[in-house]
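**Q** what shape does this take:
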Amino acid sequence: MSLSENIRLMRESRGLSQSELAEKIGLQKQNVSAYERGVKVPTVEKLVAIADTLRCSTDKLLGRNLP
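**A** Numbers count the residues shown, from 1 in each chain. This is a model prediction of the structure:
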C-alpha cells in the first residue's frame, strides 16, 4: 500500500478524524487531506509526528515490511 493509504487506514483505525490528527500534529486539516489523497508528501518531521500520534512506526506508514 502507499503512504497516503497507510496514513488514512492508521488514522481511521485509531478513531481519529482528519481534523483531530491535524490538530495533534500542528497542521491544518487540508494538509492531512492532501497527504491522504497523495497530493502532498509529508516532510520527515511531519511523518515522524504522524507516526508518533498514530502509535506506529514510520516504516509501517511507508509500507516497509521489515523482519
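
**Q** which residue sits closest to Gly63, ignoring its sequence neighbours?
**A** Of all residues not flanking Gly63 in the chain, Met1 sits nearest, at 5.3 Å (Cβ to Cβ, 6 or more residues apart in numbering). From N, CA and C alone the C-beta is placed, and that goes for glycine too.

**Q** neighbours of that neighbour, just the number please.
**A** For Met1, the count of nearby residues is 10 (other Cβ atoms under 10 Å).

**Q** what element comes up after the helix or strand hosting Ala22 heading to the C-terminus?
**A** Ala22 belongs to helix 18-25 when assigned by DSSP states H and E. Tracing the chain C-terminally past helix 18-25 and defining elements by DSSP H and E, one meets helix 29-37 next.

**Q** quick one: mean pLDDT over whichever helix or strand comes after that following helix.
**A** Of the helices and strands lying after helix 29-37 in sequence (DSSP H and E), the nearest is helix 44-54. Average pLDDT, helix 44-54: 98.

**Q** next, the buried residues of helix 44-54.
**A** Lys46, Leu47, Ala49, Ile50, Ala51, Thr53, Leu54 (16 or more other Cβ atoms under 10 Å).

**Q** can you list the low-confidence ranges for this structure?
**A** 66-67 (pLDDT under 70).

**Q** save the buried residues of helix 44-54 as TSV, and put in distance to Arg11 too.
**A** Below are the buried residues of helix 44-54 laid out as TSV (distance: Cβ to Cβ, whole Å):
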residue	distance to Arg11
Lys46	14
Leu47	13
Ala49	13
Ile50	8
Ala51	11
Thr53	9
Leu54	6
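
**Q** brilliant, that's me finished.
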